[in-house]
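Peer 1: curious how this folds, go ahead:
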Amino acid sequence: MEAVILILGLLFFAFIALGVYAGVKAIGAAKRGVDRTIVQARRAVEDTTLRAKSYGQTGLGGELAQLRLSLRTSMRATQEALRAGVVEDASLSESLDLFRRLSVHGRDLDEDLKRLEREPDRATVAAMLPELKERTERITHSADSLRWAARDRARRFGDDDLEALNAQIDMEAGALRHWTVEPDEPVRERSHHPQSGHTQADGHGQADRGGQGQGRGPAQGSGERHESGAAGGQERAIPAPDPRGQPEYPWQKTARPETTT
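Peer 2: The predicted structure is shown next:
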């Protein structure tokens, strides 16, 4: 009895521990989802603000906003392309590692540009602007190169697969169109062999009967020759092919039975 109580107690505590673990995992997943939503919302707000500044603001503020917007757009597009491509092509993992290293420089540049937007010394910002443009172009060029290389690779694999598929389809279409075999040719060959034997035998029989009928009257001899000629003509005729011996194809229509009234 004590063993049963001990087992039930252990099961109870095991269920409690399992429930606590599941609750912690669910809370963690919900927290990560909320954080992800907050990050996406903050990113959307920043992008909208930068787009508004780049189009509506002139001077250094507008140029800095344009640099930040082009940098963020290029880096985000490359990140999404590489993450989507590495699922199907494992060789892009190295490209993804290179992009992570590039992202460090991109984040540093974005922080510098954000800090310079609030810088009151506009002369210093104007002096640093050419160097900031060059850094932005170098980073965006590297990101664009990785993105377009990954897309070209995926498109090349797709073209190769489509070419192989077209070749297989053409081969299958040619095999499906190969219906020019004559189905009754074996039947005709089989029908000629026994007929030739019968014809030779009938010829010898007619010759024997003709020799024996020389002593008979002309009317009787002509009658026998007429009958033997008729019989030989019937035996030499090619018989109609047996429909049961011919192969059937799925495109042939089934013969309907005759109706009796």
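Peer 1: look up how far Leu71 lies from Leu50.
Peer 2: Going from Leu50 to Leu71 by C-beta to C-beta, to the nearest Å gives 10 Å. Heads up, the C-betas are built off the backbone N, CA and C, glycines and all.
Peer 1: what are the structural domain limits within the chain?
Peer 2: 1-56, 59-161 (automatic domain parsing).
Peer 1: Leu176: which of these is closest?
Peer 2: Of all these, domain 59-161 sits nearest to Leu176, with 22.3 Å by C-beta to C-beta.
Peer 1: quick one: name whatever helix or strand follows the helix or strand harbouring Phe12.
Peer 2: Assigned by DSSP states H and E, Phe12 belongs to helix 2-56. For helix 2-56, the following helix or strand on the C-terminal side (DSSP H and E) is helix 60-88.
Peer 1: list the buried residues in the helix or strand just after that following helix.
Peer 2: With elements assigned by DSSP H and E, the helix or strand that comes after helix 60-88 is helix 93-117. Across helix 93-117, burial judged by 16 or more other C-beta atoms under 10 Å covers Ser95, Leu96, Phe99, Leu102, Ser103, Gly106, Leu109, Asp110, Asp112, Leu113, Leu116.
Peer 1: find the nearest non-adjacent residue to the fifth one, please.
Peer 2: Just to be clear, that refers to Ser103. Excluding its sequence neighbours, the residue lying closest to Ser103 (C-beta to C-beta, 6 or more residues apart in numbering) is Met75, at 6.5 Å.
Peer 1: just the second one next, same as before
Peer 2: Closest residue to Leu96 apart from its sequence neighbours, by C-beta to C-beta, 6+ apart: Leu82 at 4.8 Å.
Peer 1: distance of that neighbour relative to Gly106?
Peer 2: Taking C-beta to C-beta as the measure, Leu82 falls 14 Å from Gly106.
Peer 1: which parts of stretch 130-147 are buried?
Peer 2: Leu132, Arg135, Thr136, Ile139, Thr140, Ser142, Ala143, Leu146, Arg147.
Peer 1: quick one: contacts of it?
Peer 2: Stretch 130-147 is contacted by residues 64, 67, 70-71, 74-75, 77-78, 81-82, 95, 98-99, 102, 105-106, 109, 112-113, 116 when judged by C-beta atoms under 8 Å, 6 or more residues apart in numbering.
Peer 1: recalculate using a threshold of 7 Å.
Peer 2: Residues outside stretch 130-147 that contact it (C-beta atoms under 7 Å, 6 or more residues apart in numbering): 67, 70-71, 74-75, 77-78, 81-82, 95, 98-99, 102, 105-106, 109, 113.
Peer 1: hmm, back to that, pick the most deeply packed of the domains of the chain.
Peer 2: domain 59-161 (a mean of 15; mean count of other C-beta atoms under 10 Å).
Peer 1: for it, measure first residue to last.
Peer 2: 51 Å (C-alpha to C-alpha, to the nearest Å).
Peer 1: could you shift the numbering so residue one becomes 7, and keep it that way?
Peer 2: Got it, the first residue is 7 from now on, which makes the last one we talked about domain 65-167.
Peer 1: name the residues that touch stretch 60-74?
Peer 2: Under C-beta under 7 Å, 6+ apart, the answer for stretch 60-74 is 56, 59, 75, 116, 119-120, 122-123, 128, 131-132, 135, 138-139, 142.
Peer 1: any idea of the mean pLDDT for it?
Peer 2: Per-residue pLDDT values across stretch 60-74 average out to 82.
Peer 1: now the terminal residues of that stretch, how far apart.
Peer 2: Using C-alpha to C-alpha, the two ends of stretch 60-74 sit 9 Å apart.
Peer 1: OK, contacts around Ser76?
Peer 2: Ser76 neighbours (C-beta under 7 Å, 6+ apart): Thr142, Thr146.
Peer 1: scratch that, Arg124 is what I was asking about
Peer 2: So Arg124 contacts nothing (C-beta under 7 Å, 6+ apart).
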